[in-house]
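Chemist: no sequence on this one, just coordinates:
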Ligand code: SF4
């Protein structure tokens with residue numbers, strides 16, 4: 001599929017290579033990371049996960065006392081809420097016997113709706129779990145995506161679902177492409193497309209409208 005988005009994707013991929021996201025050992029660890037990373041830096045999530053001492057598992061989270069769980073995830077901030085969110089997301093996973101293949105055999109729309117009705121799981125978190133833990137083809141929209149859309153510009157519309165639909169409608173329907181593209185947008189936003197953009201050297205500088213201003 002041609003078009004602006006594919007060209008941006010290919011440019012970022014050629015510049016940075018395959019990003020190999022998400023940094024986690026298991027799909028469940030991706031889920032935990034997606035819940036814990038809300039409103040905090042990734043480094044704090046790593047500290048919280050390290051507190052489990054290699055014993056992070058859905059069974060351990062479900063059987064742990066709420067106060068103990070809260071202590072373990074304290075580095076991630078908002079730990080009282082996040083402990084509850086983690087329990088809720090894990091209970092949801094339990095409906096499928098904590099089995100990734102069982103979840104994957106269900107329709108994406110059903111699993112997405114279930115995650116969205118889970119306490120503490122908003123759209124970005126749900127889509128991160130669907131894409132990065134279970135390999136469903138669903139595009140993750142975040143603040144960096146919106147920043148790129150505003151600056152480049154990409155006329156993706158306004159609001160989470162509109163932007164997601166635009167990306168999905170203009171890219172090959174592929175979990176691998178969505179996975180890489182979201183990661184590349186984040187990486188480029190951290191390198192160049194920061195709050196104050198460093199356009200010189202940005203791989204998108206030649207085609208980005210903002211750079212030509
Ligand atoms: S050229 Fe500048 S505004 Fe455009 S994507 Fe790169 S850093 Fe952002």
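Modeler: Looks like it came in fine. These numbers come from a predicted model, not from an experiment.

Chemist: pLDDT below threshold where in the chain?
Modeler: By pLDDT under 70, the low-scoring segments of the chain are 1-2, 212-213.

Chemist: can you pull the residues of it lying near the ligand?
Modeler: Selection of the chain residues close to the ligand by CB under 6 Å from any ligand atom yields 148, 151-152, 192-193, 197-199, 202, 204-205, 208, 210-211. Any C-beta I mention is one placed from the backbone N, CA and C, and that applies to glycine too.

Chemist: quick check, nearest of those residues to residue 185?
Modeler: Nearest to residue 185, judged by CB to CB, of the residues of the chain next to the ligand is residue 148 at 5.7 Å.

Chemist: following the one helix or strand that closest one maps to, which helix or strand comes up?
Modeler: Assigned by DSSP states H and E, residue 148 belongs to helix 143-151. Using DSSP H and E, the helix or strand that directly follows helix 143-151 along the chain is helix 160-169.

Chemist: centre of the chain versus that next one, how much separation?
Modeler: 15 Å (CA atoms, centre = their mean, to the nearest Å).

Chemist: restrict the residues of the chain next to the ligand to the buried ones and give me that as a PyMOL selection.
Modeler: Entered in PyMOL, the line below selects the buried ones among the residues of the chain next to the ligand, by 16 or more other CB atoms under 10 Å:
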select buried, resi 148+151+152+192+193+197+202+204+205+208+210+211
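
Chemist: middle-most residue in the protein, spatially?
Modeler: Centroid-nearest residue in the chain: residue 128, 3.4 Å away (criterion: CA atoms, centre = their mean).

Chemist: I figured it hits residue 140, correct?
Modeler: Yes: under the criterion of CB atoms under 8 Å, residue 128 makes contact with residue 140 at 5.3 Å.

Chemist: now do the shared contacts for those two.
Modeler: When CB atoms under 8 Å, 6 or more residues apart in numbering defines a contact, no residue borders residue 128 and residue 140 alike.

Chemist: quick one on the thing from earlier: secondary structure added to the residues of the chain next to the ligand, as CSV?
Modeler: Below are the residues of the chain next to the ligand laid out as CSV (DSSP: H, G, I helix; E, B strand; the rest coil):
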residue, secondary structure
148, helix
151, helix
152, coil
192, coil
193, coil
197, coil
198, coil
199, coil
202, coil
204, coil
205, coil
208, coil
210, coil
211, coil
